[in-house]
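Asker: when you get a sec, could you give me coordinates for this:
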Amino acid sequence: MPRKARQQSSLCTYHVILRGVNQQIIFEDRYDYLQFINILKYYKEICHFKLYAYCLMDNHVHLLIQHTSVNLDIIMKKIEVKFVRWYNQKYERTGYLFQDRYKSEPINDMIYFKTVFRYIHQNPLLAGLETAPGTYPWSSYHDYAVSNTSFIDIDTTLTLFSDHVECIQYLHTISEQRCLEYYPSSRLFDQDALKIIQTITSCNSPSDFQHLELFQRNAYLKQLSKFGISVRQLSRLTGISRTVISSAIKQVDR
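Answerer: Now for the predicted structure:
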């Protein structure tokens with residue numbers, strides 16, 4: 001089936017989501033976050049795009065981005081390829097890291113621009129990673145908080161508010177509006193499920209789990225499922241596909 005053509009933005013501005021394959025974790029430590037940010041900075045200089053907001057979650061990325069001379073597809077491909085090469089070398093793995101196609105929605109007016117701007121910065125709040133906007137470290141919130149224009153193009157966004165204070169107040173106004181796609185929280189927060197996985201298996205990353213011997217891996221999957229970790233969440237936190245996890249649990253049951 002041919003891919004559906006992307007909707008085009010009259011402002012060349014998009015909300016982009018880049019998600020790990022099988023929703024697996026793509027940032028395992030702070031250096032992974034920093035590397036992705038450095039790659040964003042690198043290609044921002046080369047491809048001359050504008051970046052109005054970002055948030056790096058453990059298994060996906062949000063960007064509010066405007067392309068200029070270089071097409072968005074090319075920009076995203078460059079970012080993905082460079083990060084995956086670095087990541088695979090670091091964790092001694094091969095294959096895909098991201099889903100085969102990033103998600104995007106067009107921004108065609110500044111009212112929705114503001115909505116997406118807030119949604120991206122409140123993503124950690126929705127995921128239970130912070131109790132108030134601004135405490136999560138891996139987003140552009142801090143660039144707006146200190147008026148730092150060295151990386152994020154904050155000036156365009158700030159023109160939508162009477163002043164800097166109103167902008168920050170807007171980010172702290174809790175909104176129920178969801179953008180592009182929204183996955184409800186699992187029964188366990190990811191950080192709690194990760195602690196269980198690390199305690200049971202002594203694996204500190206999806207890469208560690210994927211290198212387990214097959215029988216041991218399947219036995220762990222069965223054991224972890226008894227702690228209330230869903231198949232979807234196990235897939236996201238271990239990088240193992242849901243089909244393989246479901247099959248492994250059934251096999252161990254026999």
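
Asker: quick one: buried residues of stretch 234-245?
Answerer: Residues 234, 235, 236, 237, 238, 239, 240, 242, 244, 245 are the ones in stretch 234-245 that count as buried (16 or more other CB atoms under 10 Å). Where C-beta positions appear, they are placed from N, C-alpha and C, glycine not excepted.

Asker: ok, residues contacting it?
Answerer: The contact list for stretch 234-245 (CB atoms under 8 Å, 6 or more residues apart in numbering) reads 20-25, 59, 190, 193-194, 197, 203, 206-207, 209-210, 217, 221, 224-225, 229, 231-232.

Asker: got the domain boundaries for the chain?
Answerer: As assigned by automatic domain parsing, the chain contains the domains 13-171, 190-253.

Asker: mean pLDDT lowest for which of those domains?
Answerer: The minimum mean pLDDT among the domains of the chain belongs to domain 190-253 (a mean of 80).

Asker: check the offset of it from the chain's centre.
Answerer: 21 Å (CA atoms, centre = their mean, to the nearest Å).

Asker: which residues does the residue most central in space within the chain contact?
Answerer: Centroid-nearest residue in the chain: residue 60, 1.7 Å away (criterion: CA atoms, centre = their mean). Shown in contact with residue 60 (CB under 8 Å, 6+ apart): 17, 18, 19, 20, 23, 26.

Asker: and which of the buried residues of stretch 234-245 is nearest to residue 55?
Answerer: When these are compared for distance to residue 55 (CB to CB), residue 236 wins out at 17.0 Å.

Asker: show me what counts as buried in the strand or helix carrying residue 224.
Answerer: Using DSSP states H and E, residue 224 maps to helix 214-225. Under the neighbour-count criterion of 16+ other CB under 10 Å, helix 214-225 has 217, 218, 220, 221, 224, 225 buried.

Asker: cool, stretch 27-37 as well?
Answerer: 27, 28, 32, 33, 35, 36.

Asker: quick check: the fifth one is in a helix.
Answerer: When you say that, I think you mean residue 35. Yes: under DSSP: H, G, I helix; E, B strand; the rest coil, residue 35 falls within a helix.

Asker: with adjacent residues omitted, what lies nearest to it?
Answerer: residue 86 (5.9 Å; CB to CB, 6 or more residues apart in numbering).

Asker: tally of neighbours for the one you found?
Answerer: Counted with other CB atoms under 10 Å, residues neighbouring residue 86 total 15.

Asker: ok, the buried residues of stretch 234-245 vs residue 53, which is closest?
Answerer: residue 236 (23.5 Å).

Asker: would you map the helices across the protein?
Answerer: Secondary structure of the chain (DSSP state H): helices located at 30-47, 72-90, 110-121, 123-126, 141-145, 154-158, 164-171, 190-201, 206-210, 214-225, 231-238, 242-253.
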